[in-house]
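Student: Sequence and predicted model, in that order:
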Amino acid sequence: MSIEYQRLCEAAKVAEEAIGRADTAIVLGSGLGDYGETLDDLKRVKYTDIPGFSASTAPGHAGELLSGVKNGKRVLVMSGRFHRYEGIAIRQLAVPVYVFRLLGVKTLILTNAAGGVNLAYQPGDLMLISDYINLTGDSPLTGPNIDEIGPRFPDMSNVFTERLRGIARQTAEEMGLALREGVYCWMPGPCYETPAEIRMIRLLGADAVGMSTVPDAMAARHAGMDVLGISCITNMAAGILDQPITHQEVLETGRRIQADFRALIDRILQRV
Ligand code: HPA
């Protein structure tokens, strides 16, 4: 057994004692962070108490793993994620996802705040992620492969499971909630992009842009999980509107659509 896999097992043991196991987990993005507090029978453990985890430094990210019950079903929640721009080793971004796998998770729901690149989008829209573009040139799978987790060269042809996207589309339709669907582009951050970069990624086929989610999705597919991704378009990307982009705006829009977002996630969780 590789030393890295042993470390993951130790982390999973500590996490399991604190919060238990489940077959579904959700990662909460900026401004969506307190979804976990709406669950029943909450259990929690701080990242800093799990060996091998880094502390979460991004504002709006709590830095805890939670588990709780929604509609009779237990779900694990990552309240606050790690980002490449925090300067932690890139492989650390995969650790929570791999630990989820060791806790029995087969379905991972990823959420984020993102800038709207598609000119038809508006702040406050929700977007189902159909695929991603990675413009960081980086990957949390860089380095020795953890064979116990997955293959050296994982297939990324169907990152965002069609069956889960179908559930999300149908759920949103039943709720009368508009749900966009498009390609998410992972950029390095922490600077927001320039208008020229946004024009470039629109030409490349991106509909939304952000600083997260893709490494989580890579690790999840590596570990053989089904993945669903939902972006909250919190602002229009750089250069589209004649105004600067602020983290404040990102958090405020997140809060504004929190009720719709929570309701959508609640109902999706009932069906996955
Ligand atoms: N760019 C990158 N990341 C983001 C944005 C953005 O415009 N909005 C929210 N996260």
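Tutor: Everything's here; your move.
Student: would you list every one of the helices in the chain?
Tutor: 3-19, 95-102, 162-175, 195-204, 214-222, 247-256, 258-271 (DSSP state H).
Student: Now do the buried residues in the helix or strand bottoming out on mean pLDDT in the chain.
Tutor: Here the helix or strand of the chain ranked lowest by mean pLDDT, DSSP states H and E is helix 247-256, holding a mean of 88. By 16 or more other C-beta atoms under 10 Å, the buried positions in helix 247-256 come out as 247, 249, 250, 251, 253, 254. For the C-beta atoms, the positions are set from N, CA and C on the backbone; glycine is no exception.
Student: Looking at the stretch 1-150 of the chain, which residue is nearest the ligand?
Tutor: Closest to the ligand within the stretch 1-150 of the chain is residue 115: 2.2 Å, counting by C-beta to the nearest ligand atom.
Student: Give me the nearest residue to the most centrally placed residue in the chain, chain neighbours excluded.
Tutor: The chain has residue 110 as the residue nearest its centroid, 3.1 Å off, counting by C-alpha atoms, centre = their mean. Nearest non-adjacent residue to residue 110, counting by C-beta to C-beta, 6 or more residues apart in numbering: residue 229, 4.5 Å away.
Student: likewise residue 136?
Tutor: residue 188 (4.9 Å).
Student: I figured that neighbour hits residue 134, correct?
Tutor: No - shown here, residue 188 and residue 134 do not form a contact pair, counting by C-beta atoms under 8 Å, at 10.3 Å.
Student: What's the per-residue pLDDT of the closest residue in space to residue 180 that isn't next to it in sequence here?
Tutor: Nearest in space to residue 180, with sequence neighbours left out and distances taken as C-beta to C-beta, 6+ apart, is residue 127 at 4.1 Å. Residue 127 carries a pLDDT value of 97.
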